[in-house]
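[1] below: sequence and its predicted model.
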Amino acid sequence: MADKDARSSKATDGEGSRNGEMDKQWIHNPNRCADEYLDGINQFIDFAIANNCVRNGMMETYTTWNHHGEQIQYVSSSDTTRVVDTVDFVMDPNDQIMNIINDVFPTASSNTIVEVEDDIPLTMDSESLKKYEKLLKSAEQKLYPSCEGFSMLTAIVELMHGKPKFRMLNQCFDYFFGVFKRMLPNDNCLPKDHKSEKKVLSGLELGYEKIHACKNNYILFYKENKALDKCPVCNELRFKMTSQNRRTKIPQKVMCYLPLKPRLQRFYMSMHTASDMRWHKDRQVDDDVMRHPADGEVLERV
């Protein structure tokens, strides 16, 4: 306490000032435990309180002090609801999984034809029906015979949710998958690794296309360049130099292309997002007032 009082008195007695102004050289001091640095902090706090908080008052909207060390609690859009009429409502994970399956295969459970647009009906082919039945079986199968809280599919989705959230590498993910499987009863149906669980979730995937790319990003080996073995611009080889006994060729660089059409269809198919996708047609007010990008003339030409 005595040291603090000494530093405070030193900071306010004018010894650290030049021509009536505060000496700010302490900011550049790399030793944050030095007396000079601590004196400067005390002087800054006194100055801020006297000239800002007391004289001008606090900003009423500055309730989360993120500029002064307080952590911001981010809320994901998936965790928010449209109308908050209930408090502490938590949906059962198994019900959430069934909702996801019904969103992906809206015609399976009802045996009806769903219209994505006015004249584009969606029907289920035999391949989609097989995927639906496989997912439904996984959703109804208990993680182990006496388990009441998790189905096999629910457990996989919960674990997969943590993989990108905590940036887990495949090797790390496989390790914990193996640990969890050994912890569970011997008759559990949890997949043994990441590759196995991806096969279970394959019916929910929208898929992507792998396209070989030039190492220096000049071209894609696609369409007219698909048959080339080297880049026509920089002459870099398309594939890595490997052993001649290796049967598969390893590309220098790969681009993952996410097709847009099936992703837009998924938005229209889901009961949670379909109404938003059709808002511009079903609920947009045509009164010559610009209140949304959909009211602009540019969007009408798209």
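    Yes, it's here. Residues are numbered from 1 along each chain as shown.

[2] rest of the way, CA atoms for contacts and neighbours
    Will do.

[3] for this structure, what spans make up the strands?
    Ranges of strands in the chain, per DSSP state E, are 17-18, 21-22, 114-117, 120-122, 209-213, 253-257.

[4] read off the pLDDT value for Glu127.
    The model reports Glu127 with a pLDDT of 79.

[5] run through the helices of the stretch 151-300 of the chain in chain order.
    Ranges of helices within the stretch 151-300 of the chain are 152-165, 170-183, 194-200, 260-269, 274-277, 279-282, 297-301, based on DSSP state H, counting those that start in this stretch.

[6] which parts of the second one are buried?
    For helix 170-183, a neighbour-count test (16 or more other Cα atoms under 10 Å) marks Phe173, Asp174, Phe177, Lys181 as buried.

[7] how near is Phe166 to Phe173?
    10 Å (Cα to Cα, to the nearest Å).

[8] likewise Tyr222?
    33 Å.

[9] distance of the residue lying closest to Tyr37 once chain neighbours are set aside from Ser270?
    The shortest distance from Tyr37 to any non-neighbouring residue, by Cα to Cα, 6 or more residues apart in numbering, is to Trp26 (5.1 Å). Computed as Cα to Cα, the Trp26 to Ser270 distance reads 59 Å.

[10] so can I have a markdown table of the helices of the stretch 151-300 of the chain showing mean pLDDT?
    Below are these laid out as a markdown table (pLDDT from 0 to 100):
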| stretch | mean pLDDT |
| --- | --- |
| helix 152-165 | 90 |
| helix 170-183 | 92 |
| helix 194-200 | 88 |
| helix 260-269 | 84 |
| helix 274-277 | 82 |
| helix 279-282 | 76 |
| helix 297-301 | 71 |
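
[11] any chance of these in CSV, plus distance to Lys240?
    Below are those laid out as CSV (distance: least, Cα to Cα, whole Å):
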stretch, distance to Lys240
helix 152-165, 29
helix 170-183, 23
helix 194-200, 25
helix 260-269, 30
helix 274-277, 44
helix 279-282, 49
helix 297-301, 45
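
[12] Val104: how many residues sit nearby?
    Residues near Val104, counting by other Cα atoms under 10 Å, number 22.

[13] between the helices of the stretch 151-300 of the chain, which one is closest to Lys230.
    Closest to Lys230 of these is helix 260-269 (Cα to Cα; 28.7 Å).

[14] buried stuff in stretch 181-199?
    For stretch 181-199, by 16+ other Cα under 10 Å, it's Lys181, Asn188, Cys189, Leu190, Pro191, Lys192, Asp193, His194, Glu197.

[15] ok, the residue nearest to Tyr37 - how many residues close by?
    18.

[16] contacting residues around it?
    For Trp26, the contacting residues are Glu36, Tyr37, Gly40, by Cα atoms under 8 Å, 6 or more residues apart in numbering.

[17] which pLDDT value belongs to the last one?
    Among the per-residue scores, Gly40 holds a pLDDT of 85.

[18] ok, it touching Lys24?
    Yes - here Gly40 reaches Lys24: they are 7.3 Å apart, a contact under Cα atoms under 8 Å.

[19] ok, the two, which is more surrounded?
    Gly40 (23 against 16).

[20] once you drop chain neighbours, what's closest to that one?
    Trp26 (6.0 Å).

[21] out of the helices of the stretch 151-300 of the chain, which is closest to Phe239?
    Closest among these, once you apply Cα to Cα, is helix 170-183, at 24.1 Å.

[22] now do the closest one: distance to the chain's middle.
    22 Å (Cα atoms, centre = their mean, to the nearest Å).

[23] where are the low-confidence patches of the stretch 201-302 of the chain?
    243-247, 299-302 (pLDDT under 70).

[24] pull the contacting residues for the residue lying closest to Glu236 once chain neighbours are set aside.
    Excluding its sequence neighbours, the residue lying closest to Glu236 (Cα to Cα, 6+ apart) is Lys230, at 5.4 Å. For Lys230, the contacting residues are Cys214, Glu236, Leu237, Arg238, by Cα under 8 Å, 6+ apart.
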